[in-house]
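Participant: Got a predicted structure here, sequence first:
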Amino acid sequence: MQTTTHKRPKRTGRGASFIRNFKRDWQLWLLMLPPLAYLLIFDYGPMYGAQIAFRDYRARSGIWNSQWVGLQWFRKFFTSYNFRSIFTNTLVLSLYSVVVSFVLAVGLALLLNTIRSARFRKFTQTITYIPHFISVVVLVAIVNQIFNPVNGLYGALFRLFGGEGYPYDFRGMDTAFRHIYVWSGVWQNLGWDTIIYTAALASVSQDHHEAAMIDGASRWKRVIHVDLPTILPTAMIMLIMKFGRVMTIGFEKVYLLQTRLNETVSEVISTYVYKVGMGSGHAFSYGTAIGLFNSAVNCILLITVNWISKRMSDREVSLF
Amino acid sequence: MKKKTMIVLLLCAALLTGMLAGCAKTQPAPAPTQDQTEAKTPAETKPEQTPAEEQAPAEEQTPAEEPRLPLVKDGESVTLTIGVPQSSKVEDYETNEYTLWLEEQTGINLEFVYFSSTSSEYATQLSLMVAGGEKLPDILWRTLGMTSASMYEYGEDGYFVDLAPYFESSAYYWNEAYDNITSEEGRRQIWLRDTDPSNGAIYAFPSIQVTNDNDLVKNYVAINTAWLDAVGADMPQTTQELYEVLKKFASEDPNGNGKADEMPLVCAVDVNYADALEYIIGAWVYVNDKDFFNVTDGQLWVPYTTDEYRQALIYLNKLYGEGLISPMCYTLAKNGELKPIFTPSEGPAIAGVFGGHPTLTTETDNETVFEYQPLPVLKAETPLGGYALRATPSYDELFFSYKFDNFITSDCENPELAFKLLDFMCSQESAIFQRYGRKGVHWDYAKEGATDAMGQPALFEVLDDSVYSGQNNINWHNIACTVLPYNVYAPAYVDDGSYSSRLTDLKMAYRANILSKEGPAESANGIVYSTEETKTVSELASNLSDYMEQARAMFVTGVLDPNSDADWQAYLSNMDSQGLADYLRLAQEAYSRMQ
């Protein structure tokens, strides 16, 4: 609050109106209490534990009494022989999967929107999003079963079309790992991801379409010039939100799909943290340090994408 | 504007919380109680003086008397919680017949806390419980191969109770079983490793098994003899002969169904007992991934950086390149996935040389398994090779395995009673019950003159082996903590041509095969490190063996070329940069101390 020597301090502007509002609508403000408490207790509260990244944590001594070691763990991670490959693997895998799933989801939503029969559209939508409810563990089991060269569908098809013996085992191929990971994800989540876009498309005014039709716009032109611009802000927000989770997505799936032969591309930060931090080594501090680094990278990515989106779009679409 | 900053903060917060799972409150662990400390004899406090003789409970002058059952006073109701690994074969521990029998005999009410059935997950769950300050179960049962490093660490941090005094005062059935273990060297090894070198405490109630076939072999590798006949080849004895046989398997349609569906060599390098490639490497140089080091005249050395090892990789690389080794060796992850390959449910056999446990990877009552015979230990290609691969040293031609995997935690209010329960589980009837089922129904004491598969007098005979494997709610499938001396392990054997007796014959063939060649004279099995060393060592060990195994896979499958000096040098320098020299030095120091 600004005060001057000449006038008496006076509640003006935003401060005053805020208090007035609060007094008037305190019941509404009260509604914010549970989520606020949730954030404080479950999100901010545990954050004090992040300091073990800078300590040599031992359960017996507890967080505050463990020895302070500064940046030792970070240095160790940065100088470890596989740092570069783990970091690249994480980035490549995340970006690949975000980009593919984003583009396809928008595409599918636009396609669905052009279906004339409402029944057929609903049906297609349901079929495509049902796999979303399969647990990742089951999904990986299905993938493993299908790609089994001996008694899987893949092996059977290979022999059906005249192959001799057994086809190459994709599950052990380092070059195949990323594609299996991303495209099985597409199969599972594509339908689900389109829901929000479909909802946004429902708000496209029919007037615009009619006007475009009178101007002689083809169906394709209408999708590009009417539908797409309408859902673009939603899509950008969704993209930014996807980037909020980009470094952590799919830990279980990566971990479950790992084999010794694809480890060179499938070892990502989250699986590595699990192995060093929670595995037999139980090096909590080291694991936390890597996790903290992971989050920092994620934060940078998120802010960058948000900034780009703000700059690129005319309407300044951004999350914050 | 403010709203935006707020959202930034919230989002950052949500991101940051992801990695906070590992942090938690401290758990003040109770110091050892007064009477526990006093109960120690002078011998206990001087572990550096040959702990074997002085601490082995069997040597004590005043053995405990046979405990009066039930273990609790009449009308008293005591509950003990037990952490057990989940088992797909035990329907429900709470209502399991063995559990009920145990409760009835001891008068203790048992409750269960479930852990994962894989050792690394079990370790994770336990370390999270400790880090999270959760109450531990009274007894931790079968922690599935906890490393000595973690064992000493938990013990010294006060999470495990020192059992040394109880072994003196309360062990009865334990002593009885332990006296039946004939190997002096084996007994020495147990106490040497169970005793924390820094304070002489004993944290683990060991599980010991003395067996004749099962697990004597580190890697079960079999060859299809029907196929050998079909292609007119003799049993391969050298790596060259093996190569030629595999070539024929690949091209001559040995299973005779007109399809090229044969896999000349298939195994699973990541499954216990199933790594056939390691078995073949043994022809050049003895390698035992679990030990990491080899020993000659008291000096440790690393086989993975030798020229002999490189030659073995060149050989495997050639086989892989020619399609003789199935890529599935690296993707099969469970015994269950090996079953349809070893014993297809329909059609002829599809595997030539196969790595996998003869019973764990076999469909029940499948006849294909009898087409196979053990692949001979291949003749030495170099002076360092030609050894039979054994999991750990064996004594008196019996396999001797022990694990330190049963603990009483400091959260237990009545450690003495918990100890007595563990002790009772070592009794003969309990030991057989938890493997075979009810006495008089599934097994009974054998008649005079009955012998086992090795021709030794048998203590008991199996009446009905239906509950021995497969899911049921009667026994615990050998996970109950017990000492299994050989007489309690091996049932009477009758050669009646039944499926189970033929399977026993097959297992005995593996045994004869592995015993036909000497193992290395010394092994670096189970080196005991000091508490300071353990932390460094366990990290070095896991990094190095992970990398070594990954590099081996890359060399074999041709991602790296073992013929290329550049690739080989890069591998050597990566091993170095991960502290191979430090690991070797620490291990050598610890090994020398133990001699």
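Facilitator: Received it, and whenever you're ready, just let me know what you need.
Participant: going forward, measure contacts between C-alpha atoms and count neighbours the same way
Facilitator: Will do.
Participant: distance of residue B:187 from residue B:209?
Facilitator: 12 Å (Cα to Cα, to the nearest Å).
Participant: for residue A:254, same thing?
Facilitator: For residue A:254 relative to residue B:209 (Cα to Cα), the value is 38 Å.
Participant: what helix or strand does the closest residue to chain B within the stretch 201-320 of chain A sit in?
Facilitator: Using Cα to the nearest Cα, the closest approach of the stretch 201-320 of chain A to chain B is made by residue A:320 at 4.4 Å. Using DSSP states H and E, residue A:320 is not contained in any helix or strand.
Participant: same thing with residue A:151?
Facilitator: Per DSSP H and E, there is no helix or strand for residue A:151.
Participant: contacting residues for it?
Facilitator: By Cα atoms under 8 Å, 6 or more residues apart in numbering or on different chains, residue A:151 lies in contact with residue A:145.
Participant: So for it, what pLDDT did the model give?
Facilitator: Residue A:151 carries a pLDDT score of 80 in this model.
Participant: for residue B:52, same thing?
Facilitator: Residue-level pLDDT assigned to residue B:52 equals 40.
Participant: ok, now the one 5 residues further on?
Facilitator: On pLDDT, residue B:57 comes in at 44.
Participant: now swap in the one 10 residues further on and tell me
Facilitator: Listed pLDDT for residue B:67 reads 81.
Participant: In contact with it, which residues are there?
Facilitator: Contacts for residue B:67 were tallied using Cα under 8 Å, 6+ apart; they are residue B:172.
Participant: ok, so what distance separates residue A:57 from residue A:77?
Facilitator: Using Cα to Cα, we find residue A:57 at a distance of 16 Å from residue A:77.
Participant: what does residue B:295 give?
Facilitator: 33 Å.
Participant: which stretches of the stretch 1-150 of chain A aren't confidently modelled?
Facilitator: Residue ranges of the stretch 1-150 of chain A with pLDDT under 70: A:1-13.
Participant: residues from it in reach of chain B?
Facilitator: Proximity of the stretch 1-150 of chain A to chain B (Cα under 8 Å from any Cα of the partner chain) is limited to residues A:43-44, A:46-47, A:49-50, A:52, A:59-63, A:81, A:150.
Participant: tally of neighbours for the residue of the stretch 201-320 of chain A closest to chain B?
Facilitator: Residue A:320 has 17 neighbours, counted by other Cα atoms under 10 Å in any protein chain shown.
Participant: What does the pLDDT read for it?
Facilitator: 70.
Participant: okay, residue A:57 and residue A:77: which has more neighbours?
Facilitator: In this view residue A:57 and residue A:77 are compared by other Cα under 10 Å, and residue A:57 has more residues nearby, 24 against 17.
Participant: so that one sits right up against residue A:284, yeah?
Facilitator: Yes. Using Cα atoms under 8 Å, residue A:57 is in contact with residue A:284, at 6.6 Å.
Participant: Quick one: the strands in the stretch 451-595 of chain B, in order.
Facilitator: Taking DSSP state E, counting those that start in this stretch as the criterion, the stretch 451-595 of chain B carries its strands at B:460-462, B:483-484.
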